[in-house]
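Engineer: All I have is the shape, not the residue letters:
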């Protein structure tokens, strides 16, 4: 287009010059040559506006005029070219410059959606996802700022701003217009604030995606932060804060961070309340925070809808380019909350009362490294429940009823690796023996260095789960991707695919160097701890947490204990996992057989079998269930509780033999009520399915009903009793006699 315009202008001025300086005869006899788009050389599908005018004359033999006219012509042409260049530059500048990344997110095998990652001129990065089969749509905006950026004098400001942005913008000035539009389009709105991110997302019908996306985008273009909404949204934040009083999570979380180093922003109250937000200058503080952090270069977006990628890109270009890029730097936090070797914040023993009747022990290790995928190796080993595991060692000795290992906090320059145990009465009275067993297992892990074979097996298992992962709902998926985009530079890593992990022995050893007796805190919770005096389970709870009034005691660990844990001896009952024999290898999806309804394949007096082959999801998965009718009596409370205890016994019995199968998503379970149900789900590899069923049935028929009463009460009966009391919010005195 530009070539044709330039050529046309040149033709006009050169022809005008020669025509005005030549005689009629000289003009008709001027020489001609073909331009690149003249009839003799242009492609047949390209049409010129004027074949004659496309010919550019550069010289005429009969032209004997002075060089001044020729110079004037050249000057005219140069001026015109310069003008065109200026216009061209302005036009290009006015257009939205797009970078389309060549790499796309690595996705599960059954994901048939189309992906494209782009970056707009204002530095907003967006992942576009076209899903023609989706009935709903979503957009998620993630701002790389969270509660760690709260000013000391206005705790909870990041969370409060999240609320206030929904209260209207210049373009959509009515309060809660986003909520109303979402409701009118069979959807909902939501947002969350964590340490380092604030995420805004929604779910609507496909037809409402563009306008709903525009409503949200205005939060980052022209919010109003209305004065008459300040108090109401402050009350909303207060309500969320008070909801935490009825849970265990928030009081425990605030207790843990409140005992961190005050030099770290991690130690500050994050939710916010009326007491922290009710200030005369709160609106100015909101604007200051917004201007300081809400910038296009800190925003990442994920859009999911049934439109084509080109349409979604067009919408992104149209809607997001108005978000201003203030070129703000991503907040950086270098002060660690639990600095190693500072006994004021590390090697602490914290005892506290929970909100519900749960006896638990938590061991928290700060790991000053941010490589989440590689941390899966240590959490896999610590949380393993098969033969030789830490769980089997402690549960068979009557200390615990459950054990979980995970990353509890993912901050910018550190993570907290945790081990969480539900305790028996014995475990509550002897947490040091549990900690000693833990470090015996760590010594076993470190005995021969990092086990690459186990590392690769763990990666293979995680990769299987990822490859055959089912679709999430669009809102959860968009929210997850947009927040991951803030942490991952390579689009292939947006979904944290296990296949992208690379074995790095040096890095794994560095991670293990933080799992030591002089780099952890112990948190023990029980209602048996007292605020009045010392008990057999711990010291007097002589302090009270500021925000949730949790009674606690904070003591330094004994140097002798730390020294003993550093020199533990290996125990043969603790060892690394054996090779997993349940990992499937056959992922064939068979051709459809049978009709569209289940087929009766066996019908006798004792056995009825129905079969149906799924052809909708095309996954190498199986689901089978067997219902066993033991009698015709209507179950009573006693029978129901006995059935639950039988289920508990079965779960414990199969925990070591079937855990390897569970780790690759095989689930064999038994339920007992007015009838028994045995069901199995997982990959449809026939050989592995047979092994799972055989192992599960062997355990069912070999249950030990002669086990020690103390062990049975601690591991089976007591957890069920506590569950009933906590769920029903009952006191032991008012509970049903069968539960007591």
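Structural biologist: In hand now; what should we look at? Quick caveat, the model's predicted, so the values are computed rather than measured.

Engineer: Sketch out the strands for the stretch 301-450 of the chain, chain order is fine.
Structural biologist: Shown for the stretch 301-450 of the chain, the strands assigned by DSSP state E, counting those that start in this stretch span residues 348-352, 360-367, 400-410, 415-423.

Engineer: for the ones you listed, which one sits closest to residue 218?
Structural biologist: Ranking those by distance to residue 218, with Cβ to Cβ as the measure, places strand 400-410 first at 30.2 Å. Any C-beta I mention is one placed from the backbone N, CA and C, and that applies to glycine too.

Engineer: helices and strands around that closest one, which ones?
Structural biologist: helix 376-383, helix 390-396, strand 415-423 (3 or more Cβ pairs under 8 Å, 6 or more residues apart in numbering; DSSP states H and E).

Engineer: any residues touching it, and which ones?
Structural biologist: The set of residues external to strand 400-410 that reach it, using Cβ atoms under 8 Å, 6 or more residues apart in numbering, is 195, 361, 364, 370, 372, 375, 378-380, 382-383, 385, 390-391, 394-395, 415-424, 427, 434, 714-715, 718-719.

Engineer: if you set the cut-off to 6 Å instead, what comes out?
Structural biologist: The list of residues contacting strand 400-410 from outside it, by Cβ atoms under 6 Å, 6 or more residues apart in numbering, reads 375, 379, 382-383, 391, 394, 415-423, 427, 715, 719.

Engineer: Could you do stretch 106-123 as well?
Structural biologist: Here stretch 106-123 makes contact (Cβ under 6 Å, 6+ apart) with 96-101, 104-105, 125-131, 296-297, 309, 320-321, 325, 466-467, 469, 491-492, 497.

Engineer: Report the buried members of those.
Structural biologist: Buried subset of the contacts of stretch 106-123 (neighbour count, 16 or more other Cβ atoms under 10 Å): 101, 105, 125-131, 296-297, 309, 320-321, 325, 466-467, 491-492, 497.

Engineer: who's in contact with stretch 169-183?
Structural biologist: 166, 167, 168, 188, 189, 202, 204, 212, 215, 218, 222, 223.

Engineer: Skipping adjacent residues, who's closest to the first one in space?
Structural biologist: Which is residue 166. residue 178 (5.8 Å; Cβ to Cβ, 6 or more residues apart in numbering).

Engineer: Report the secondary structure state of the one you found.
Structural biologist: For residue 178, the secondary structure call by DSSP: H, G, I helix; E, B strand; the rest coil comes out as helix.

Engineer: If I look at it, what pLDDT would I see?
Structural biologist: Looking at residue 178, its pLDDT stands at 95.

Engineer: Repeat that for residue 734.
Structural biologist: Confidence for residue 734, expressed as pLDDT, is 39.

Engineer: same check, this time on residue 555
Structural biologist: Per-residue confidence (pLDDT) for residue 555: 97.

Engineer: Follow the chain on from the helix or strand hosting it and name the next helix or strand.
Structural biologist: Element membership of residue 555, judged by DSSP states H and E, is strand 551-556. On the C-terminal side of strand 551-556, the closest following helix or strand by DSSP H and E is helix 559-566.

Engineer: Could you grab the helix/strand/coil label for the residue nearest to the spatial centre of the chain?
Structural biologist: Among the residues of the chain, the one closest to the centroid is residue 480, at 4.2 Å (Cα atoms, centre = their mean). Using three-state DSSP as the criterion, the local structure at residue 480 reads helix.
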